[in-house]
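Engineer: Fold the following.
(chains A and B, ligands or ions: 1)
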Amino acid sequence: MTRAEISQAIIDIVNEIVPDEDWSALQPEENLRGKLESMDFLDVVMELRKQYGVEVPEADYGALSTLQSCVDYLEPRLARK
Amino acid sequence: MRDSYDIVVIGGGLGGLTAARRLAREGRHILLAEQHSQLGGLATYFQRRDHIFDVALHGFPVGMRKSLRKYWGKDFAERVVQVRSIRFHNPQFQLDTTFDNRDFRAKLQELFGLPQERVEAFFAGIAAMNYYDDNSETTREFFQRYFPGRTDVWRFLMEPITYANGSTLDEPAISYGIVFGNFMSEGVYTFQGGTDCMIEMMQRELRSCAVEVETSAAVDKIYVAGGKVRAVRVNGREIACQAVISNGSLPRTVLEWTGQEFFSPEFLSGLQKVRLSTSSCQVYIGIREGATIPYIGDLLFTSTCPEYNTDALLSRNISSRTYSVYYPEIRPGTHKYSVVASMNARYEDWAKMTREEYRAAKKAMIEDTLAALEQYIPELRSICDYTEAATPLTFQRYTGHLQGATFGSKFDGLRYSMELFKQVGGLFHTGSVGIIMSGWLGAANYGVITANEVDRYLN
Ligand SMILES: Cc1cc2nc3c(=O)[nH]c(=O)nc-3n(C[C@H](O)[C@H](O)[C@H](O)COP(=O)(O)OP(=O)(O)OC[C@H]3O[C@@H](n4cnc5c(N)ncnc54)[C@H](O)[C@@H]3O)c2cc1C
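Structural biologist: Prediction:
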């Protein structure tokens, strides 16, 4: 997957989990904690596993703090998918 | 029932139900076995004559709306409605609150005369609490820091939380802060339609996503082979599975159903030191068809005790009662009223009685409750047509929780619940534990947290 595709995939996932937030103007560096609670992050982790077969161990949850860092983290892991 | 599933969930409390629903959505084949004839666990109700009594629907935080939407569906979330007001009546103060951040700030300043900076500092202190911090400060020390000597303020801040999760002033401040922070954000909420409606909706939802639900199905053995679970025994029948989620009592899961030979000595000795939370007594009061009661608050915290005092709260010599009043709006289309009085209680006080003593004590508890409630509903005796009582023994009998523990275990239990699978592969626990994971919201969310671990394990 390309970086743009990964970014879109993440936006699709968070939009599904928290539909009442406006995700259209999400900045790459914006901290996702402003819009996602800890339970929401868990849902993101489960969706990534289900849709893309990526496992994010608890120790790496910190890597999911912004859209940019999510893409950085997922890019090598999704390279072959 | 088939002979084999991916996952067996033991118990249909809110933790087990929510874990099952979440994992079914991931395409897992699941059996949910509940020993009682009805799902819900402590989140339950019972019907007597034309009355329906809610046992544990006194209020939950607004977060329940979001969790229900995410993990059960929109139709569940739409039924979450705010209760109108919470009343306090005790020798130190009498007040009405909507139980949200704004109103609490206002009450603390206007009624308790506290300076704004103090109040803000307190809320900032709550907000700064982090579950992962290693903080040994007790709630008493925390209160003392912000409101020294103000036992009236402590009572206002503490009484509802003790009632909501059984925590005391001498426990870690974090167990107070997390629950207070949750509740205090936007008031207290309830489920329109009542517990019966929610549990029926959940049962239907599980069936529609192909979870096999068996009631009157007790699990009494978890089989382990090669360090991993391989099966459970349900009503005498062996059912193979790759993972087990126990929503039942944590100590029983380990010691009784699995067997201590599969756990390390450190784990066992730690687990055995975990303290269970206290239990409850309740008195259920049915109001006859056609009669009405005036609005006296949705929740009414009453006490005749001079100050907040944990021992007094737990004592059989009851001086504090919390009434939940169910007006017809809770079940739209009906005209029925009922009142449920709840008291914190100790299992030991009830366990040692003879049959006759037990019966007499229950009767006295009902009588005392009616007498106390007459202060708020003077015509009570002429309009009440049904009463019943529950004790710690009742809660133990219906849920299998040792000592009728109402809120699982104290804070230290969480670690053992979360690390079960590190001892026995594929063995997980969910449900009320460690105070902060308790209550409807805590148990449901913990179901999802466990579901994630199970899903990871099976992948
Ligand atoms: C009196 C009272 C009032 C409460 N009021 C509120 C409130 O107002 N708001 C709030 O948020 N929370 C309240 N709570 C707490 C809340 O109801 C609980 O924290 C929550 O429902 C617990 O869910 P759980 O997942 O831990 O499962 P539990 O409710 O403990 O259910 C466990 C289930 O497992 C089953 N089980 C056990 N052993 C076996 C076995 N061997 N085989 C098969 N099945 C088994 C049991 O029968 C039970 O159904 C109250 C609790 C009580 C007792």
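Engineer: Let's test this: mean pLDDT of stretch B:68-87, rounded?
Structural biologist: What stretch B:68-87 shows for mean pLDDT is 97.
Engineer: CA atoms of it as PDB?
Structural biologist: As requested, the backbone C-alpha atoms of stretch B:68-87 are provided in PDB (Å, rounded to 0.1, in the frame of the first residue of the first chain):
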ATOM      1  CA  LEU B  68     -23.300   0.600  23.600                       C
ATOM      2  CA  ARG B  69     -23.300   2.300  20.200                       C
ATOM      3  CA  LYS B  70     -19.900   0.800  19.300                       C
ATOM      4  CA  TYR B  71     -20.200  -2.600  20.700                       C
ATOM      5  CA  TRP B  72     -24.000  -3.300  20.500                       C
ATOM      6  CA  GLY B  73     -25.500  -0.900  18.000                       C
ATOM      7  CA  LYS B  74     -27.300   2.400  17.600                       C
ATOM      8  CA  ASP B  75     -30.700   1.100  18.900                       C
ATOM      9  CA  PHE B  76     -29.000   0.400  22.200                       C
ATOM     10  CA  ALA B  77     -27.300   3.800  22.400                       C
ATOM     11  CA  GLU B  78     -30.500   5.700  21.700                       C
ATOM     12  CA  ARG B  79     -32.100   4.300  24.900                       C
ATOM     13  CA  VAL B  80     -29.500   5.900  27.100                       C
ATOM     14  CA  VAL B  81     -31.100   8.800  28.900                       C
ATOM     15  CA  GLN B  82     -30.000  11.200  31.600                       C
ATOM     16  CA  VAL B  83     -31.700  11.000  35.000                       C
ATOM     17  CA  ARG B  84     -33.200  14.300  36.300                       C
ATOM     18  CA  SER B  85     -31.700  14.700  39.700                       C
ATOM     19  CA  ILE B  86     -29.800  13.200  42.500                       C
ATOM     20  CA  ARG B  87     -30.700  14.100  46.100                       C
END
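Engineer: In that stretch, which residues are buried?
Structural biologist: For stretch B:68-87, the neighbour count (16 or more other C-beta atoms under 10 Å in any protein chain shown) marks B:68-72, B:76-77, B:79-80, B:82-83, B:85-87 as buried. In short, each C-beta sits where N, CA and C put it, glycine included.
Engineer: cool, stretch B:274-287 as well?
Structural biologist: So, applying 16+ other C-beta under 10 Å, buried residues of stretch B:274-287: B:274, B:276-287.
Engineer: ditto for stretch B:29-37
Structural biologist: Within stretch B:29-37, the residues that count as buried by 16+ other C-beta under 10 Å are B:29-36.
Engineer: for it, how far is the first residue from the last?
Structural biologist: 22 Å (C-alpha to C-alpha, to the nearest Å).
Engineer: B:Tyr358: what's its closest spatial neighbour, skipping adjacent residues?
Structural biologist: B:Trp350 (7.0 Å; C-beta to C-beta, 6 or more residues apart in numbering or on different chains).
Engineer: And that neighbour, what's its pLDDT?
Structural biologist: Model confidence at B:Trp350 (pLDDT) stands at 95.
Engineer: could you say what helices and strands the helix or strand it falls within packs with?
Structural biologist: Assigning secondary structure by DSSP states H and E places B:Trp350 in helix B:347-351. Applying 3 or more C-beta pairs under 8 Å, 6 or more residues apart in numbering or on different chains; DSSP states H and E, we find helix B:347-351 packed against helix B:392-399.
Engineer: moving C-terminal of the helix it packs on, what's the next helix or strand?
Structural biologist: Scanning forward in sequence from helix B:392-399 by DSSP H and E, the next helix or strand is helix B:413-418.
Engineer: about what we covered before: other residues contacting the helix holding B:Trp350?
Structural biologist: Residues from elsewhere that reach helix B:347-351, judged by C-beta atoms under 8 Å, 6 or more residues apart in numbering or on different chains: B:278-279, B:281, B:316, B:358, B:361, B:391-393, B:396, B:403-405.
Engineer: Tell me which helix or strand comes right after that helix.
Structural biologist: Counting by DSSP H and E, what follows helix B:347-351 is helix B:355-373.
Engineer: Which positions within that next one qualify as buried?
Structural biologist: So for helix B:355-373, counting by 16+ other C-beta under 10 Å, buried means B:361-362, B:365-366, B:369-370, B:372-373.
Engineer: And for stretch B:145-164?
Structural biologist: Buried residues in stretch B:145-164 (16+ other C-beta under 10 Å): B:146-147, B:150, B:152-164.
Engineer: Tell me the one of these nearest B:Ser269?
Structural biologist: B:Thr162 (29.4 Å; C-beta to C-beta).
Engineer: and that closest one, what pLDDT?
Structural biologist: In this model, B:Thr162 is scored at 84, pLDDT.
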